[in-house]
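In: give me coordinates for this.
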Amino acid sequence: MRRIRSVKRPARFPVSSTLLRRLAFANIVANVVIVVTGGAVRLTASGLGCPTWPRCTDDSYTTTAEMGMHGVIEFGNRLLTFVLVLIAGATLLAVLAHRPRRRGALPLALAVVLGIVAQAVIGGITVRTQLHPSIVGIHFVVSMLLLLVSYALWRQVREPDGPKVALVPPPLRALTWITVVVSAAVIVVGVLVTGSGPHAGDADAVRNGLDPQTISQVHADLVFLLIGLTVGLWLALRALGAPAGAVRAVRTLLLVELAQGVIGFVQYFTNLPVLLVGAHMLGSCLVWLATLSVLWSIRERRPAHPDPTTPTTPPGSVTPAPEPVTAHA
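Out: The predicted structure is shown next:
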C-alpha cells in the first residue's frame with residue numbers, strides 16, 4: 001500500500017513578521033499610555049469618579065451626568081483597558097497564526113493578556129479600598145511588570161530563534177544586572193514617595209504615613225546611585241570596545257535618567273505641580289524601558305542555522321563569550 005506523506009498546511013490567516021512586530025510594539029505603547037492616563041486620573045482627583053467597580057455607580061456601568069468631569073475621566077481610563085485587551089488579544093492571535101511559530105513568544109503573549117486582566121481586577125480593588133496607597137502602588141508596579149513582559153515579547157519576535165550569546169564579559173554582565181536591580185528599586189521607592197505625597201486621587205484618600213522628606217531623600221540617593229552605575233557601565237563598555245548597540249543603549253539610558261532627574265528635582269522644589277508629576281510618571285516608564293534595552297543589548301540571539309558566510313562578530317566589537325547566556329533577558 002502506498003504511504004501518504006503528511007503535508008504541513010499553511011496558516012489559514014497568515015501573519016507577516018512585520019505585522020507581528022508592530023502588534024508587539026503596540027503593546028508597549030498602550031501600556032505606557034494607560035500608565036500616563038492612570039496618573040491623570042489621580043492628579044485630577046478623579047480616582048473615585050466612578051465610586052464602585054465593576055459598575056461605575058450602583059445602578060450604571062457607565063458614567064452619569066451627576067458624576068461630572070471626574071466620572072468622565074475615571075470611566076475613560078477604564079475604557080482604555082478594553083483597548084489594551086484588544087491589542088494584546090490581536091498579538092496573541094498573531095503569534096498563533098505566524099509561521100514559523102516563534103519559540104517562546106506564545107507564553108509571553110499570553111502573559112500580557114492575563115496581566116492586563118489582572119490589572120483590571122487590581123484597579124477594581126483600588127476603587128473598593130478607597131484608593132489605599134498600597135493597592136495603588138501595586139497597581140503601578142504591575143504596570144512596570146507588564147512593560148517588562150511586553151518588551152520581552154517585542155524583542156522575541158524581532159530576533160532569530162537560535163541560542164542567546166553574550167556580547168560582553170561576565171563582570172560587565174554583572175554590572176548590567178546591578179543597574180537593572182537599582183533601576184527597579186528607584187521605581188519601587190518612587191511609588192512609596194507618591195503614596196506619601198498630596199496627589200492621592202481623592203481628597204479623602206489615606207496616605208501611607210511615611211515622612212515625605214525622608215522617603216524622597218532615599219529616592220534621590222537611589223537615583224544618584226543609578227546614574228553613577230550607568231556612567232560606570234558606559235565607560236567600561238567603551239573601554240572594552242563593546243558592540244556599538246550596547247554602548248548606544250547605555251548612553252540613551254543615561255540621557256533619559258538625567259532628564260527624569262531634572263523633572264524630579266524641579267517638581268519637588270515647586271510643590272509638585274500636576275503637569276510635572278505627570279511628566280515624571282511618563283519618565284518612569286521611559287527609564288524602565290531604556291533599562292531593559294540595555295539588558296537586551298549585552299547579548300544577542302544567533303540564527304538556529306547560521307549562514308557560514310556571514311560574520312558572527314561585528315567589526316570592532318568584543319569577541320562574544322562562547323557560553324550561552326542562561327539569564328532570561
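In: so which residues of the stretch 201-329 of the chain form helices?
Out: Taking DSSP state H, counting those that start in this stretch, the helices of the stretch 201-329 of the chain run over residues 212-239, 244-269, 274-297.
In: quick one: which of the ones you listed is nearest Arg155?
Out: helix 274-297 (5.4 Å; CB to CB). Just so you know, the C-beta spots here come from the backbone N, C-alpha and C atoms, and that holds for glycine as well.
In: helices or strands up against that closest one?
Out: If contacts are counted by 3 or more CB pairs under 8 Å, 6 or more residues apart in numbering; DSSP states H and E, helix 274-297 sits against helix 17-43, helix 133-158, helix 170-196, helix 244-269.
In: list the residues that contact Thr52.
Out: Under the criterion of CB atoms under 8 Å, 6 or more residues apart in numbering, the neighbours of Thr52 are 58, 127-128.
In: so it versus Ala279, what's the distance?
Out: Distance of Thr52 to Ala279, given as CB to CB, to the nearest Å: 31 Å.
In: can you check Leu192 too?
Out: Taking CB to CB, one finds Leu192 at 20 Å from Ala279.
In: turn the helices and strands packed on helix 274-297 into CSV, columns for mean neighbour count and distance to Leu275.
Out: Listed next are those as CSV, based on neighbours: other CB atoms under 10 Å; distance: least, CB to CB, whole Å:
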stretch, mean neighbour count, distance to Leu275
helix 17-43, 19, 8
helix 133-158, 20, 19
helix 170-196, 18, 16
helix 244-269, 18, 9
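In: in JSON lines, list these along with mean pLDDT.
Out: Converted to JSON lines, these look like this (pLDDT from 0 to 100):
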{"stretch": "helix 17-43", "mean pLDDT": "93"}
{"stretch": "helix 133-158", "mean pLDDT": "95"}
{"stretch": "helix 170-196", "mean pLDDT": "96"}
{"stretch": "helix 244-269", "mean pLDDT": "95"}
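In: neighbours of Ala203, how many?
Out: Residues near Ala203, counting by other CB atoms under 10 Å, number 8.
In: if we ignore the residues flanking it in sequence, what's nearest it?
Out: The spatial neighbour of Ala203 that comes closest, neighbours along the chain excluded (CB to CB, 6 or more residues apart in numbering), is Ala45 at 6.4 Å.
In: for the one you found, give me phi and psi.
Out: phi 60, psi 40 (degrees, to the nearest 10).
In: what's around it, how many residues?
Out: Neighbours of Ala45 using other CB under 10 Å come to 17.
In: and it, what's its pLDDT?
Out: Ala45 is assigned 85 on the pLDDT scale.
In: for it, list the residues it contacts.
Out: Ala45 neighbours (CB under 8 Å, 6+ apart): 70, 200-203.
In: now rank the residues you listed by neighbours and give me the top one.
Out: Gly201 (24 neighbours).
In: doesn't Val41 make contact with it?
Out: Yes - with contact defined as CB atoms under 8 Å, Gly201 counts as touching Val41 (6.6 Å).
In: shared neighbours, the two?
Out: Contacts common to Gly201 and Val41, judged by CB under 8 Å, 6+ apart, are Gly47.
In: give the contact list for the closest residue to Leu23 other than its chain neighbours.
Out: Leaving aside its chain neighbours, Leu23 sits nearest to Thr91 (4.2 Å; criterion: CB to CB, 6+ apart). By CB under 8 Å, 6+ apart, Thr91 lies in contact with 20, 23-24, 26-27, 109, 112, 153.
In: how about those residues, which pair is most distant?
Out: Leu20 and Val112 (13.3 Å).
In: and Ile215, how far is that from Asn77?
Out: In terms of CB to CB, Ile215 sits 26 Å off from Asn77.
In: what does Val181 give?
Out: Val181 is 31 Å from Asn77, by CB to CB.
In: again with Leu286
Out: 20 Å.
In: more crowded one of the two?
Out: Using other CB under 10 Å, the more surrounded residue of Leu286 and Asn77 is Asn77, with 21 against 16.
In: report the rounded mean pLDDT for whichever strand or helix holds the more buried one.
Out: Using DSSP states H and E, Asn77 falls within helix 68-97. For helix 68-97, the mean pLDDT works out to 92.
In: which strands or helices does whichever helix or strand comes after that helix pack on?
Out: Tracing the chain past helix 68-97, the next element assigned as helix or strand by DSSP H and E is helix 105-128. When contacts are defined as 3+ CB pairs under 8 Å, 6+ apart, helix 105-128 packs onto helix 68-97, helix 133-158.
In: which positions in helix 105-128 come out as buried?
Out: Within helix 105-128, the residues scored as buried using 16 or more other CB atoms under 10 Å are 105-106, 108-113, 115-116, 119-120, 122-123, 126-127.
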